[in-house]
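**Student:** Coordinates for the following, if possible.
(2 chains)
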Amino acid sequence: MNKTWWVKPEDLDEDQKSIIELPLKGSHLILGPPGSGKTNLLLLRADYYTKAGKPDLYILVFTRTLREFLVMGGIEYNFSKDKIMTDINWVKNILWQNGIEPIEKNDFETMRTSLFEQLSELIDRGNISHIHDVILLDEAHDYSEQELSIFRKYCNILFAVADPKQRIYKKNNSVEYLKSIISNTHILKYHYRNGREICKLADELGKKIEFYEPMTPTSNYNEAAMPSSVNYFECEDMEEQAQKIIKSLKTQIKAYPNELLGVITPRHEELNEIWKYISSSELGKISVFQSSRKGYCSFDTGQQICVCSLHSAKGLEFRTLHIAGAEYLKNFARQKSMSFTGITRAKTSLSVYSVGNLPGYLEGAFTALNPPSELPKLSDLFRKGK
Amino acid sequence: MWLKKGTRKDFLEILGGNQSKIIGGVREVNNLSSEIPILDEVYFVWEFDPQSNPSLPVLLILPDGQLKDFLAWASTFFPGYRPITAYCRIIEWKTANRLQLKNRIPQTHGLEKACTGVIIAEALSQYSQQVDPQYISPFECTSTYSYCMTRSLFLDYLDEDIDYITNRWAKARNITKQSDRKLNHKSMRDIWIVIRALSQRNKSFYIGNSDTRLAHLIEACSQIIKFGEITNYTWTELVFGSNELAELRNEMKGTKEQRVLCIERSLSSSSYKKLNDLSQSFLFGYLVSLVSIGSMEHLNLIWPYVDRYPTAMLWYGLCAGLYGKIDMLSEFKGLGHRLIRDLNMPESTIFGRPRADIAIDELEVLFTGDTPSEDFRKGSKNYLLVEISPGISTSLAWPEKGKSYQKEMSTGHIKPETYEDLLMELGFLIKRMNEIYGNLSSHTDTRNKISKQQRGRRKN
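**Tutor:** Prediction:
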């Protein structure tokens, strides 16, 4: 997937260059919309620290899928892929190093809380054995204040990237807290990932999100070179969704060679079912399944299609994205932010599928994109049943 | 430059280290056009004054008809300088006159992307199944016909006779018994006529092309350079008035998925099938170039049809490289940049020292007779760089006979200069193995039909 990562100077805009040029010392917080290059800058910054003699660093991410995704990009750089970890594994490592058995629990959120509490107690006892040169934190908006304060204590330099609009895990506003513990904040204004149609859909959705800033005016996406599209399909069942997705992917792998294409679902039930269809199709051999329940795989260069949950897709980007089982978005807390995060994973082509109705805010956003050409006539309203 | 009119005896003195004996007749000249050797004369040319800086001449000019005889003589009597054309260029006067002896600075004519596109496409087209262009080496590219044609174009040698370089390239491969290429150089001739015409946009050749099929293609490519697209009139000419095909260009403005579907649909249309081979290949290559303007990332669309439209990949490379601004040279790990670096090398102008292992004329002489004389010094153990015309070389696979790397490898000491050769050789072998593996894999079913008794059966 060599087109996902930029490593050439000519690929950077002025805002991004100013972040590359930041001096080695000091902690920094980078804020920017989806597709503004935050994660790429994070990797470049890690590369810079490594080459400048600060190899004791960790790049911490929220999900395992994102970790595998970054490992793919990290191939271009000088630091070891072992430096990219999920925050959970990082905490567990420290606990083990200090002779503490990490608490294992089935529920992800409960386990996170317990592990960070264990680490917090260790710190309170004054038993920090080693402080890293640098911690680089991706998707920093999804951490709690307690977690962020622990990261801060465990490094000399904290380099974090965040976007409050994409917060889907924690309820508190951690970005404000980040600003209080990191003295230098930098803002990336422009974004490059999402095509015009996807920005328009995101903006329609964003109208329902607090403090939302529209994406369309700050988009530097090259629409002429890569026309974007957004489609919604109401289907009879999951099989119909899967068949539509497979048919579309067969064309997309030809249209977008060497680019990562995604299939995501809000719930694990639909994810497993979709994977069943894709893995048994001719696309199976070029697809990778990322699941917290069934395990994670590294992104191989030959595997062009990633199938994962919407939560796992956080921080990832796909040239084309299919969101199946979208009717279940309404089952989640912070569902609008989740929907926003989901659709902004798509760069050029977004297809959303559901059985039955979408959540109203999402349906409304689609309708606003493609309004009916003319209002229905009075006679049309009474025609049904005749 | 400095000239000495002499004989073979003088050359003997020069090679014997007795330059002082012949220095007397050396004089500085501004041009060589009026210097015509006769009878047994040999003209020796130096770039710098040999009286202050004794060295071998860089160029020897012989009377017409004496080249083979002279090379036979030199290779017989000076084995320590074999091949002599590795040290100085030796040409007949008619060749010197044809080349208009002068230092030539390579010029790309604005066609560097188009030419590298064609070179890479030709290198890829030698494979029997889809390969990742990332792993195409510059070496593979330097062996292509298109590489030599590009170098000729950049040095302005293509003006007169396109077949001169074509024949010399083919001859080099024939003499050294290189394996047949999937894409014959004759089938690429049309593409090079078009490219040559594009380089001569202000010259009469461009206006006066009498082959209407090629004239349309030249016009179309010229319009891509100028306007970024083909005009309606030319497009209609290209598709022979077919309404169905005329509509294609508009459909190619949709999303990339729509463009791909449009191409697949058009290939199976009856209107397309009615076109001649040249038009089919060009249109296919051009349409694919529209999927992602200025890029060669959609080779995957051509691979399934490469046997049906063998030159479509080259037309794709050409069309993709005609669009301005876009940095196609950076694709495939910067392969295009690397090729342009080599194609623009100024060192092999006529008055510089040759860089190749041997000139084709001497190669021909050494390979004449019952037992070809293959035992001469080369720059690499695995390939031979042959100069087919001054400043224009092609590389040929040429593993050294009767030797292996086994001994060298087992000592654990590999010379740094050998690494690259070994890697190149290894790369070739791996690619070949993959190719064979792919072919065999496709016959798995057949293999499974072989009975277990037959598999691995021992001879009694």
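
**Student:** The closest residue to chain A within chain B and A:I278: what is the separation?
**Tutor:** Closest residue of chain B to chain A, C-beta to the nearest C-beta: B:K256 (3.9 Å). (C-beta placed from N, C-alpha, C; glycine too.) According to C-beta to C-beta, to the nearest Å, B:K256 stands 21 Å off from A:I278.

**Student:** on that earlier part again, okay but the residue of chain B closest to chain A is in contact with B:V291, surely?
**Tutor:** Yes. Distance between B:K256 and B:V291: 5.8 Å, which falls inside the contact criterion (C-beta atoms under 8 Å).

**Student:** so what sits against both of those two?
**Tutor:** The contact sets of B:K256 and B:V291 overlap at A:A255 (C-beta atoms under 8 Å, 6 or more residues apart in numbering or on different chains).

**Student:** Skipping its backbone neighbours, what lies nearest B:I340 in space?
**Tutor:** Distance criterion C-beta to C-beta, 6 or more residues apart in numbering or on different chains; nearest residue to B:I340, sequence neighbours excluded, is B:E112 at 5.1 Å.

**Student:** mind listing what the one you found touches?
**Tutor:** Neighbouring residues of B:E112 by C-beta under 8 Å, 6+ apart: B:G321, B:L329, B:G336, B:I340, B:L343.

**Student:** Let me know how buried A:I103 is, in neighbour terms.
**Tutor:** Counted by other C-beta atoms under 10 Å in any protein chain shown, the residues lying close to A:I103 total 14.

**Student:** for it, helix, strand, or coil?
**Tutor:** Taken by DSSP: H, G, I helix; E, B strand; the rest coil, the conformation at A:I103 corresponds to coil.

**Student:** State the distance from it to chain B.
**Tutor:** 46 Å (C-beta to the nearest C-beta, to the nearest Å).

**Student:** Make sure that residue is actually in contact with A:Q118.
**Tutor:** Yes. Counting by C-beta under 8 Å, A:I103 touches A:Q118, with 6.3 Å between them.

**Student:** gap between stretch A:58-67 and the chain center?
**Tutor:** In terms of C-alpha atoms, centre = their mean, to the nearest Å, the centre of stretch A:58-67 is set 10 Å apart from its chain centre.

**Student:** and that stretch, what's its mean pLDDT?
**Tutor:** The average pLDDT for stretch A:58-67 rounds to 89.

**Student:** distance between the ends of that stretch?
**Tutor:** End-to-end distance for stretch A:58-67: 12 Å, by C-alpha to C-alpha, to the nearest Å.

**Student:** go on, stretch A:287-304?
**Tutor:** End-to-end distance (C-alpha to C-alpha), stretch A:287-304: 6 Å.

**Student:** Ok, stretch B:27-34 next?
**Tutor:** Counting by C-alpha to C-alpha, you get 14 Å between the two ends of stretch B:27-34.

**Student:** Also stretch A:97-112?
**Tutor:** 18 Å.

**Student:** Just give the number of residues close to B:G321.
**Tutor:** With other C-beta under 10 Å as criterion, B:G321 counts 29.

**Student:** How about the backbone phi and psi for it?
**Tutor:** phi -90, psi 0 (degrees, to the nearest 10).

**Student:** was I right about it contacting B:I119?
**Tutor:** No. Using C-beta under 8 Å, B:G321 is not in contact with B:I119, being 9.9 Å away.

**Student:** what's the helix or strand harbouring B:S152 packed up against?
**Tutor:** B:S152 belongs to helix B:145-154 when elements are defined using DSSP states H and E. With contacts taken as 3 or more C-beta pairs under 8 Å, 6 or more residues apart in numbering or on different chains; DSSP states H and E, helix B:145-154 sits against helix B:112-125, helix B:162-175, helix B:189-199, helix B:331-343, strand B:392-397.

**Student:** just how off-centre is the fourth one within its chain?
**Tutor:** Counting by C-alpha atoms, centre = their mean, helix B:331-343 is centred 14 Å from the centre of its parent chain.

**Student:** now the angle from it to helix B:112-125?
**Tutor:** 110 degrees (axes from the mean of the first three to the mean of the last three C-alpha atoms, to 10 degrees).

**Student:** Which residues outside helix B:331-343 are in contact with it?
**Tutor:** Residues outside helix B:331-343 that contact it (C-beta under 8 Å, 6+ apart): B:106, B:108, B:112-113, B:115-117, B:119-120, B:133-134, B:136, B:138, B:141-142, B:147, B:150-151, B:154, B:295-297, B:328-330.

**Student:** Pairing partners for A:F233 in the sheet, please.
**Tutor:** Counting by DSSP bridges, A:F233 forms beta bridges with A:Y353.

**Student:** got the contact list for it?
**Tutor:** Residues near A:F233 by C-beta under 8 Å, 6+ apart: A:Q241, A:K244, A:S351, A:V352, A:Y353, A:S354.

**Student:** Make TSV from the helices and strands packed on helix B:145-154 and add mean pLDDT and distance to B:I302 to it.
**Tutor:** Formatted as TSV, those follow (pLDDT from 0 to 100; distance: least, C-beta to C-beta, whole Å):
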stretch	mean pLDDT	distance to B:I302
helix B:112-125	96	9
helix B:162-175	92	24
helix B:189-199	93	15
helix B:331-343	92	15
strand B:392-397	93	25
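
**Student:** most neighbours per residue, which of the ones you listed?
**Tutor:** Stretch with highest mean neighbour count among those: helix B:112-125 (a mean of 28; mean count of other C-beta atoms under 10 Å in any protein chain shown).

**Student:** send the alpha carbons of that helix over as CSV?
**Tutor:** Provided in CSV are the C-alpha atoms of helix B:112-125 (Å, rounded to 0.1, in the frame of the first residue of the first chain):
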residue,chain,number,x,y,z
GLU,B,112,11.8,12.4,-20.8
LYS,B,113,8.6,11.1,-19.1
ALA,B,114,7.2,9.6,-22.3
CYS,B,115,10.4,7.9,-23.2
THR,B,116,11.0,6.4,-19.8
GLY,B,117,7.3,5.3,-19.8
VAL,B,118,8.0,3.4,-23.0
ILE,B,119,11.3,1.9,-21.7
ILE,B,120,9.7,0.7,-18.5
ALA,B,121,6.7,-0.7,-20.4
GLU,B,122,9.0,-2.6,-22.8
ALA,B,123,11.0,-4.0,-19.9
LEU,B,124,7.8,-5.2,-18.3
SER,B,125,6.4,-6.6,-21.5
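
**Student:** starting at the chain centroid, how far to that helix?
**Tutor:** Remark: helix B:112-125 is offset 10 Å from the chain centroid, using C-alpha atoms, centre = their mean.

**Student:** for chain B, which spans come out with low pLDDT?
**Tutor:** Where chain B drops to pLDDT under 70, the residues are B:101-103, B:159-160, B:201-210, B:325-326, B:347-350, B:401-421, B:428, B:431-432, B:435, B:437-460.

**Student:** What parts of it come near chain A?
**Tutor:** With C-beta under 8 Å from any C-beta of the partner chain as the criterion, chain B meets chain A at residues B:134, B:253-257, B:259-261, B:291-293, B:297-298, B:300-301, B:327, B:330.

**Student:** Tell me the buried residues within those.
**Tutor:** B:T255, B:K256, B:E257, B:R259, B:V260, B:L261, B:V291, B:S292, B:I293, B:E297, B:H298, B:L301 (16 or more other C-beta atoms under 10 Å in any protein chain shown).

**Student:** what sits against the fifth one?
**Tutor:** Contacts were defined as C-beta under 8 Å, 6+ apart; by that measure B:V260 touches A:T251, A:K254, A:A255, B:V291, B:L301.

**Student:** mind running it again at 10 Å?
**Tutor:** For B:V260, the contacting residues are A:250-256, B:252, B:254, B:287-288, B:291, B:298, B:300-301, by C-beta atoms under 10 Å, 6 or more residues apart in numbering or on different chains.
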